[in-house]
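>>> Take this sequence and fold it.
(2 chains)
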Number of protein chains: 2
Amino acid sequence: MQTMPNFLMKRAFLTPERIAVYFRDQAITFEELYILSVTTAGQLQKLGVKKDQFIAVLLKNHLDTVVILFALQLLGVKTVILNNRLTPAELAWQLKDSKVSALILDDVFSHLEQMLSQELSSLHTFTKTNLFSQESISTELQEEISLDEICTIMYTSGTTGNPKGVMQTYGNHWWSATGSALNLGVTDQDCWLCTVPLFHISGFSILMRSVIYGMPLVLHEKFDQERTIQDIKEKKVTIMSVVGTMLTRIVESLKGGQLPQQFRCMLLGGGPAPLPLLKACVEKQIPVFQTYGMTETSSQIVTLSPEYSLSKLGSAGKPLFPSEIRIERTEGSKAQPGEAGEIIVKGPNVTRGYLYRPDATEDKIRNGWLYTGDIGYLDEDGFLYVLDRRSDLIISGGENIYPAEIEAVLLAHPEIQEAGVTGLNDPRWGQVPVAFIVTKNGEELSSDELKQFCREQLAKYKVPKDFYFTDQLPRNAAKKLLRRTLKEWLDEGRFK
Amino acid sequence: MQTMPNFLMKRAFLTPERIAVYFRDQAITFEELYILSVTTAGQLQKLGVKKDQFIAVLLKNHLDTVVILFALQLLGVKTVILNNRLTPAELAWQLKDSKVSALILDDVFSHLEQMLSQELSSLHTFTKTNLFSQESISTELQEEISLDEICTIMYTSGTTGNPKGVMQTYGNHWWSATGSALNLGVTDQDCWLCTVPLFHISGFSILMRSVIYGMPLVLHEKFDQERTIQDIKEKKVTIMSVVGTMLTRIVESLKGGQLPQQFRCMLLGGGPAPLPLLKACVEKQIPVFQTYGMTETSSQIVTLSPEYSLSKLGSAGKPLFPSEIRIERTEGSKAQPGEAGEIIVKGPNVTRGYLYRPDATEDKIRNGWLYTGDIGYLDEDGFLYVLDRRSDLIISGGENIYPAEIEAVLLAHPEIQEAGVTGLNDPRWGQVPVAFIVTKNGEELSSDELKQFCREQLAKYKVPKDFYFTDQLPRNAAKKLLRRTLKEWLDEGRFK
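Residues are numbered from 1 along each chain as shown, chains lettered A, B, ... in the order given. So this is what the prediction gives:
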């Protein structure tokens, strides 16, 4: 069992005076961040939070969130990080599933407190203001952590069934950060801009890299292309994590201009990138590095390295040093170069499984390999090209949307017989979900009414933008819904 | 049990075209190095070398040595790396102790073959020429390694008793390399000059960093200040590992000149550095980073970071991110800031012990902490100042010399009653060993005769430069030899 010093504690000891976080007009050093986190650890302890508990957070991108997340680590708590965009029903489900002892939430979400407390009678909830107004009592800090310990839990939905809590250990985060450093390099001039949510692994992993590298993080509440360009210049940002839609907007906003010289890496994740966008970036000399990763791999697992950013345009690259990938045509049978198949991955950054779900874990992780469900191929040189993020997955503005989850909601509607959901290409969001419906009586339903129905149970971005009515859905011999056929129907323009 | 791809195999896959090694007028890429190593793995297999065996090497700094060392890793062999400067008796001892199946040796050492084979009847020996003339048969390469597996064994002597084989796992080397990268940074412009022996951890660790970082290594057969300065310029070297005597000669050779801009780190290990040398380097703008490490920590464990190279001049710095240090006044009792005591260390780069020596391992590693025997203190800010590399250790030109080993040889002399060895300051080597002798009949012996006597059993650098005769040696109440008092005698000029 490999132990290490608590990451923030060690970093504050090593380079106390370096800037840790830029947020709005504030800049705080690692020492200051550590002191704030220790204070908050004492406040959490005052509220009864203890080592080894599961504690959930529902927090927006903010300096306070950084402090709370590190305070929880200092206490040895396992943090369940909730997506801010979920509905109360979805939140309640995840809170119950993860058996959390308490929920810390931003004041803007305080209207949820009562409802969630009703649903989960044993749940303690406290707002940020409530937390920060507590007396900070002296606490026993976890000076050492084990790399096998759970640090965070983030929920993902699968192609079937309920969302599952992905267990991310300290080791997963550590190996992810060092694997990335060996690929992208790391210098004391680096500065990483985070405009993606901290509740996603894309954002949270930047936070971990910040303490592991001793590198400032520029934190934005949300993505704004103008502020992005401004801060890249003013804060001397060298690296930024983006998804396709964000990059498109940055390219548009740059117009004739360029990003400054020190900016060395636009890390592009969140699904296959359109080639025209990549070419536009080459023209504007934006150094794009495509990457492939997921919650289960604690962010990047495959990233294009500097020397291949042009010659292998469109590829996600090769697996980071500590990790491995393979393409399987069918289980156990390796695909040939150029041949598409399921992407399977292995490495110390890969989760050891899903919280309280030994069956789902066994199903997804076999012989040490995680079966991603994503489709891709390796070229002759071993570079990965991702064709499809899970045949069914819809990626909308960087958020993963699982059709099965939306279908389950629609099927609960009294008038609906069958439902199939797929992604429609969208210039702004990449994709948006649309639904195909077979009604019980064969008559069409009101789209507005259906949207309203979905909104009660699904985060807004998951609500289908259109509903198409049909007599029957495409299914295979085993009656499994063929969502790819739905996509073909859309491409053929059958429904408009 | 954490597995990872074989380091060289992975590196050759990731960045095949990057330069791996510059040696004399050759430059070979990682792909070429890999192909050569695979060929040699097949040649080793032809000679009967198999996975999990212990195989010893007695090799000089050379491109071939790099190839052989990686070939052994590809076969899953545990490599016992022998110091080239040992006597046949010392070599035979280590070969026996480590129970090796075979010894690969440079042709210049072929005169040892017969003698070693006599001493160790079951030992197979083959020279490099012999190895490279074999047919390369097809081999099953170890594509995956476990971080817990032994990669290398290097012998160190202790303050008492025989040399012990330090087990260095793949994990030890990995964590050492990544810990260093997080401190010094790593970029695709880096290039590390190795003029120290590959049979020392200082040299071998550069080899491991080379494959882990994807960074060229400039390999010299031996240290030469003029070639060093020339290659730093021509090969665009950015980092170099040195000991004090080497750095002194570089400073002298530079005269009015300076090292080029891209040269960013002179990593200075091998014992406390004299302050005048450090100041001379500041004047010449040589970016010196003092470091503290040993065979047991797979090289660096404490290194000064960039921003403190001036303000903490003379300090070895703080422990690398994954590692920890503590100063103990007495066992279990932490020293106060500024108070000297024994340096104890912990971390994933620290050996799990000595080969076949559970007792020695238990004695040195207690509760996960390695007791180094070295003396130092931490200042108020937690920076380490090393006062003495083991109170008894003599460091001569970067080689560790243990007085006890020399004393044991002297005590075997028929005329010698007592012997005590300590280090005398030397402008060229830092220190040289000198011996204090009590003879049986009270009469002095011939220095030349004693040197000859030592040379038969000890590497040349261990042979005392002077012999002083006295009636009695300083001992404490328990009759333990007080080597510090011998040093005081020298400082007082009692013996000249």
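
>>> Name the residues of chain A found near chain B, please.
Neighbours of chain B within chain A, by Cβ under 8 Å from any Cβ of the partner chain: A:2-5, A:10-11, A:13-15, A:17-18, A:178, A:181-182, A:185-188, A:212-214, A:305-307, A:318, A:321-322, A:324, A:347-348, A:368, A:382. (Each C-beta comes from the backbone N, C-alpha and C, glycine too.)

>>> if we go to 7 Å?
Applying Cβ under 7 Å from any Cβ of the partner chain, we find that chain A lies next to chain B at A:2, A:4-5, A:10, A:13-15, A:178, A:181-182, A:185-188, A:212-213, A:305-307, A:318, A:321-322, A:324, A:348, A:382.

>>> Now do the contacts for A:Met167.
If a contact means Cβ atoms under 7 Å, 6 or more residues apart in numbering or on different chains, then A:Met167 has A:150, A:153, A:351-355 as its contacts.

>>> got the residues you listed as TSV, with neighbour count and pLDDT columns?
Output for the contacts of A:Met167, formatted as TSV (neighbours: other Cβ atoms under 10 Å in any protein chain shown; pLDDT from 0 to 100):
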residue	neighbour count	pLDDT
A:Ile150	21	98
A:Ile153	25	98
A:Thr351	25	97
A:Arg352	17	95
A:Gly353	19	97
A:Tyr354	24	97
A:Leu355	20	97
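
>>> Now, those that are in strands?
Among the contacts of A:Met167, the members found in strands (DSSP state E) are A:150, A:153.

>>> for chain A, what's the longest helix?
Counting residues, the longest helix found in chain A (DSSP state H) is helix A:30-46.

>>> list the buried ones in it?
A:30-34, A:36-45 (16 or more other Cβ atoms under 10 Å in any protein chain shown).

>>> swap in stretch A:276-284?
A:278, A:280-281, A:284.

>>> Need the max-distance pair from these.
The span of these, defined through Cβ to Cβ, is set by A:Leu278 and A:Lys284 at 11.0 Å.

>>> tell me which of the buried residues of helix A:30-46 is nearest to chain B?
Nearest to chain B out of the buried residues of helix A:30-46 is A:Glu31 (Cβ to the nearest Cβ; 11.1 Å).

>>> isn't that closest one right next to A:Arg11, touching?
No - contact criterion Cβ atoms under 7 Å: A:Glu31 and A:Arg11 do not qualify, at 9.4 Å.

>>> counting contacts, what elements does the helix or strand harbouring A:Tyr385 pack onto?
In this assignment (DSSP states H and E), A:Tyr385 forms part of strand A:384-388. Applying 3 or more Cβ pairs under 7 Å, 6 or more residues apart in numbering or on different chains; DSSP states H and E, one finds that strand A:384-388 contacts strand A:369-378.

>>> Residues in contact with the strand it packs on: which ones?
The contact list for strand A:369-378 (Cβ under 7 Å, 6+ apart) reads A:159, A:294, A:296, A:327, A:335, A:337-340, A:342-346, A:350, A:364, A:384-391.

>>> and if you look at stretch A:359-368?
So stretch A:359-368 is contacted by A:164, A:346, A:353-354, A:370-371 (Cβ under 7 Å, 6+ apart).

>>> give me that answer again for 10 Å
A:158, A:160-162, A:164-165, A:167, A:296, A:324, A:331-332, A:344-347, A:350-355, A:357, A:370-373, B:3, B:144 (Cβ atoms under 10 Å, 6 or more residues apart in numbering or on different chains).

>>> The stretch 251-400 of chain A: helices as residue ranges?
Here the stretch 251-400 of chain A has its helices, by DSSP state H, counting those that start in this stretch, at A:275-283, A:358-364.

>>> what's the residue in the stretch 351-496 of chain A positioned nearest to chain B in contact with, if anything?
Closest residue of the stretch 351-496 of chain A to chain B, Cβ to the nearest Cβ: A:Gly382 (6.0 Å). Shown in contact with A:Gly382 (Cβ under 10 Å, 6+ apart): A:315, A:317-319, A:325, A:337, B:13-14, B:16.

>>> From the residues of chain A next to chain B, list just the buried residues.
A:2, A:4-5, A:10, A:13-15, A:178, A:181-182, A:185-187, A:212-213, A:305-306, A:318, A:321-322, A:324, A:348.

>>> Bridged to A:Thr79, which residues?
A:Ile55, A:Thr152 (DSSP bridges).

>>> any idea how far it is from chain B?
As judged by Cβ to the nearest Cβ, to the nearest Å, A:Thr79 and chain B stand 22 Å apart.

>>> Quick check: that residue touching A:Leu72?
Yes - using Cβ atoms under 10 Å, A:Thr79 is in contact with A:Leu72, at 4.8 Å.

>>> Find the residue at the geometric middle of chain A.
Most central in chain A under Cα atoms, centre = their mean is A:His200, positioned 3.2 Å from the mean C-alpha point.

>>> Quick check: that residue vs A:Leu355, distance?
Going from A:His200 to A:Leu355 by Cβ to Cβ, to the nearest Å gives 18 Å.

>>> go on, A:Thr156?
11 Å.

>>> what's the overlap in contacts for these two?
Residues touching both A:Thr156 and A:Leu355 (Cβ under 10 Å, 6+ apart) are A:164-166.

>>> measure A:Glu328 to A:Glu31 for me?
From A:Glu328 across to A:Glu31, the span is 48 Å (Cβ to Cβ).

>>> My error: substitute A:Lys440 in the last question.
Counting by Cβ to Cβ - A:Lys440 and A:Glu31 are separated by 64 Å.

>>> swap in A:Gly341?
Distance of A:Gly341 to A:Glu31, computed by Cβ to Cβ: 50 Å.

>>> Over to A:Phe467?
Taking Cβ to Cβ, one finds A:Phe467 at 55 Å from A:Glu31.

>>> Equivalent analysis for A:Phe70, please.
Relative to A:Glu31, and taking Cβ to Cβ, A:Phe70 is found at 13 Å.

>>> Give me the common contacts of these two.
The contact lists of A:Phe70 and A:Glu31 share A:11-12, A:20, where a contact means Cβ under 10 Å, 6+ apart.

>>> Which of these fall in strands?
Reading strands off those with DSSP E, I get A:Ala20.

>>> List the contacts of the residue in chain A sticking out farthest from the centre.
Relative to the centre of chain A, the most outlying C-alpha is that of A:Asn441, 40.0 Å out, by Cα atoms, centre = their mean. Going by Cβ under 10 Å, 6+ apart, A:Asn441 touches A:415, A:417.

>>> That one - that's part of a strand, no?
No - read with DSSP: H, G, I helix; E, B strand; the rest coil, A:Asn441 is coil and lies in no strand.

>>> Show the pLDDT at it.
A:Asn441 carries a pLDDT value of 92.

>>> before we move on, back to that, between A:Thr79 and A:Leu72, what contacts are shared?
Residues touching both A:Thr79 and A:Leu72 (Cβ under 10 Å, 6+ apart) are A:53, A:55, A:57, A:104, A:151-152.

>>> can you list the weak-confidence ranges in the stretch 151-300 of chain A?
For the stretch 151-300 of chain A, the stretches with pLDDT under 70 are A:158-161.

>>> Could you rerun that using 90?
Counting by pLDDT under 90, the low-confidence segments of the stretch 151-300 of chain A come to A:156-162, A:243-245, A:248, A:255-257, A:269-280, A:282.

>>> Strands along that one, start to end?
Using DSSP state E, counting those that start in this stretch, the strands of the stretch 151-300 of chain A run over residues A:164-169, A:192-194, A:217-219, A:239-243, A:265-269, A:288-294, A:299-303.
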